[in-house]
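1. next input, structure requested:
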Amino acid sequence: GTQIQATIFKEAAKKFHDIFQMGKVYYISNGTLKVANKRSNPVPNDYEMTLNENSIVEEVSNVIGVVQNVSPTMSIRSKINNEMIPKRDITIADESKKTVVVSLWNDHATTLGQELLHMADKSPIVAIKSVKV
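-> Next up, the predicted model:
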């Protein structure tokens with residue numbers, strides 16, 4: 001993906017200062033991004049980001065590890081359109097034996113999730129890019 005250096009101003013900077021960490025990647029929704037005013041900010045390719053009270057900030061990570069457990073498929077009702085969405089959780093352990101539960105949704109839950117369920121006894125290794133935390 002494209003990386004954008006963004007400068008966050010005023011209230012948003014106060015609100016999100018303790019959340020953002022150097023070297024981490026974040027998924028931000030309900031924010032506004034615009035090209036910075038070059039008269040007040042001489043840094044090229046810089047952007048100003050406005051986050052409001054409804055902004056959602058989620059850390060995005062890459063996950064790699066051994067599949068420890070695969071749950072059965074569940075159905076979750078969408079708040080947006082009231083449809084049932086398939087979901088399946090997989091538990092992954094890294095080399096330090098720390099585990100994380102990753103939720104697979106829609107086709108990933110029914111196809112990839114089913115494949116992992118059949119392979120679970122062989123301890124498959126999975127790598128997942130850009131997981132929202």
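2. so where's the chain uncertain?
-> 1-59, 132-133 (pLDDT under 70).
3. got a list of what the nearest residue to Thr110 once chain neighbours are set aside touches?
-> Nearest residue to Thr110 in three dimensions, chain neighbours excluded: Pro86, at 5.2 Å (C-beta to C-beta, 6 or more residues apart in numbering). Quick note: C-beta positions are derived from backbone N, CA and C, even for glycine. With contacts defined as C-beta atoms under 8 Å, 6 or more residues apart in numbering, Pro86 is in contact with 73-76, 105-106, 109-110.
4. next secondary structure element downstream of the helix or strand where Val102 lies?
-> In this assignment (DSSP states H and E), Val102 forms part of strand 99-105. Proceeding N to C from strand 99-105, the next assigned helix or strand is helix 106-107, under DSSP H and E.
5. same for the very next helix or strand once past that next one, what does it pack against?
-> Next along the chain after helix 106-107, taking DSSP H and E as the criterion, comes helix 113-119. Contacts defined by 3 or more C-beta pairs under 8 Å, 6 or more residues apart in numbering; DSSP states H and E place helix 113-119 against strand 47-70, strand 84-93.
6. how about helix 113-119: buried residues?
-> Residues 113, 116-117 are the ones in helix 113-119 that count as buried (16 or more other C-beta atoms under 10 Å).
7. same check on stretch 126-133?
-> For stretch 126-133, burial by neighbour count (16+ other C-beta under 10 Å) applies to Ile128.
8. go on, stretch 98-113?
-> Taking 16+ other C-beta under 10 Å as the criterion, stretch 98-113 shows 100, 102-104, 108-109, 113 as buried.
9. give me the distance between the residue nearest to Thr110 and Leu112.
-> Using C-beta to C-beta, to the nearest Å, Pro86 is found at 11 Å from Leu112.
10. then Arg88?
-> 9 Å.
11. between these two, what contacts are shared?
-> Contacts common to Arg88 and Leu112, judged by C-beta under 8 Å, 6+ apart, are Leu104.
12. tally of neighbours for Ile76?
-> 13 (other C-beta atoms under 10 Å).
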